[in-house]
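Asks: Next input, structure requested:
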Amino acid sequence: MSTTVAGAAEPSANPVSPEAAQEEGLLDTTRTHVRGFSLWLGETVNDWFGDRPFEDGGKVTHGRLGLRNLWRQDEGWDTSVRFRARFDLPNLRDKAYFFLGRQNERELLTDQAEAFTREQLLLEENRREDQTGFAGLGVALRKNIDFRIGVRGGLKFYTQARYRKQWELSAQDRIEFRETIFWNTKDKFGSTTAFDYAHAFTPTLALQWQNSTTISEKTDDFAWGSSLGLFKRYGDDRVLSGEMVVTGETGAEENVDEYGVRLKWTQPVYRDWLIGEFIVGHYWPQREDRERERSWAMGVNLEMRF
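Replies: The predicted structure is shown next:
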C-alpha cells in the first residue's frame, strides 16, 4: 500500500513535458495575439459609425486563421495562409456587419462554395497572383438575403447580393439553394448558383450531393463542379468523408477539367479551437493538349478559430 507525505503535492498521473508545455503556451499566445489584433480592428471600425463602445455588445462572430499544406504529384508542394473574420459592431447592430481577411481572389469574388475551392480540390495556388486581402461591409436585408460591398488588393471594389434558403423535405431529407449575384472589375457582372441535397441515413451518417456553377460577362461559359459523398460524424468537429468530385467548364475543348475521389478526416488537435484536416485524393486532370493524366494528392490543413 502506497503512502503520501502530508502536505506534499501528489505527482500528476500524466506529467506534461517542458516541450509540450512550451508548445501549448505558444499556441495559446498566438491565438491571443490574433484575437487581440482582430478585436482592435473591430473597435477601430466601430468608432467610424458612432459613439457606442465596442465593448457594448461587439464581438468576433466568425474568426478563422488557416495554414494550408499541399502535395500533388503533378504540381509538387504548396503552402499558403488564409484568414477571415466577421464582426458584430454595436454602432451597426441590426443594420450591418464588418468583414475582412485574405483568401483566393477568384473564390472571394464569385462566392465559391467551399467544396469546390482550390483548398478542398487540392490544387496549388500562387500566393502573389491568386490570393488577395479584402475588407468590407455587409447588410442583412432580410433573413435569407444580404448585400456586401468590399475592396480587395489595390483598392478594387466588388459587390455581392446573396440569397440562401433551406427546405426540409422530410425528417431525413434537406435541400439548400444559394444564389450570389456579383460585380467586380475583373469579371463584370456574374452569378454563382449552388444547389445541395442531403439525406440522413442515421443521425451520424449522411449522403450529400453538392453542385455549383459560375458564369460572368468575361467568360460567357459556366464553370461548374459536382460532388457526391458520404459523411460520418464521430462527435463535435470529428468527421470522416469520402467523395467523388468532378469539375469543368462549358465551351472548353474538354468540358470535364478534372475528376477524382477524395477521403477527408477532420478533428480537433488542440482544445476545441485548433482543427486539423487531413485529405487524400486521386485525380484525373486534363492539362492543355496532353492526354488525361493521373495524380495523387495530399493535404494537411490547420485552422485556428478565435
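Asks: Just say helix, strand or coil for E107.
Replies: Classification of E107 using DSSP: H, G, I helix; E, B strand; the rest coil returns helix.
Asks: quick one, what contacts the nearest residue to R178 once chain neighbours are set aside?
Replies: Of all residues not flanking R178 in the chain, A194 sits nearest, at 4.2 Å (C-beta to C-beta, 6 or more residues apart in numbering). Quick note: C-beta positions are derived from backbone N, CA and C, even for glycine. The contact partners of A194, taken as C-beta atoms under 8 Å, 6 or more residues apart in numbering, are A113, E176, F177, R178, E179, Q210, N211, S212.
Asks: Weed out the non-buried ones from the residues you listed.
Replies: A113, R178, E179, Q210, N211, S212 (16 or more other C-beta atoms under 10 Å).
Asks: any idea where the helices of the stretch 101-250 of the chain begin and end?
Replies: Applying DSSP state H, counting those that start in this stretch to the stretch 101-250 of the chain gives helices spanning 105-110, 118-121, 127-130.
Asks: so can I have a markdown table of the ones you listed showing mean pLDDT, mean neighbour count and distance to D88?
Replies: Rendered in a markdown table, the data for the helices of the stretch 101-250 of the chain read as follows (pLDDT from 0 to 100; neighbours: other C-beta atoms under 10 Å; distance: least, C-beta to C-beta, whole Å):
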| stretch | mean pLDDT | mean neighbour count | distance to D88 |
| --- | --- | --- | --- |
| helix 105-110 | 95 | 22 | 21 |
| helix 118-121 | 93 | 21 | 27 |
| helix 127-130 | 80 | 11 | 30 |
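Asks: Format these as JSON lines; extra columns: distance to Q160.
Replies: Formatted as JSON lines, those follow (distance: least, C-beta to C-beta, whole Å):
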{"stretch": "helix 105-110", "distance to Q160": "8"}
{"stretch": "helix 118-121", "distance to Q160": "19"}
{"stretch": "helix 127-130", "distance to Q160": "19"}
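Asks: Nearest to R64 among these would be which one?
Replies: helix 118-121 (11.9 Å; C-beta to C-beta).
Asks: name the helices or strands packed onto the closest one?
Replies: Judged by 3 or more C-beta pairs under 8 Å, 6 or more residues apart in numbering; DSSP states H and E, helix 118-121 is in contact with no other helix or strand.
Asks: Can you pull out the residues in contact with it?
Replies: 68, 82, 104, 107, 114, 124-125, 130, 245, 247, 258, 262, 279, 281, 299, 301.
Asks: Let's see that with 6 Å instead.
Replies: Residues outside helix 118-121 that contact it (C-beta atoms under 6 Å, 6 or more residues apart in numbering) are R68, N104, E125.
Asks: mind checking how far K186 is from E293?
Replies: 29 Å (C-beta to C-beta, to the nearest Å).
Asks: How about M304?
Replies: Note on M304: its distance to E293, by C-beta to C-beta, is 35 Å.
Asks: contacting residues for T214?
Replies: T214 neighbours (C-beta under 6 Å, 6+ apart): T110, T192, A223.
Asks: check contacts around the first one.
Replies: With contact set as C-beta under 6 Å, 6+ apart, T110 has these partners: T192, T214.
Asks: rerun that using 7 Å as the cut-off
Replies: F182, G190, T192, T214 (C-beta atoms under 7 Å, 6 or more residues apart in numbering).
Asks: Understood, closing this out.
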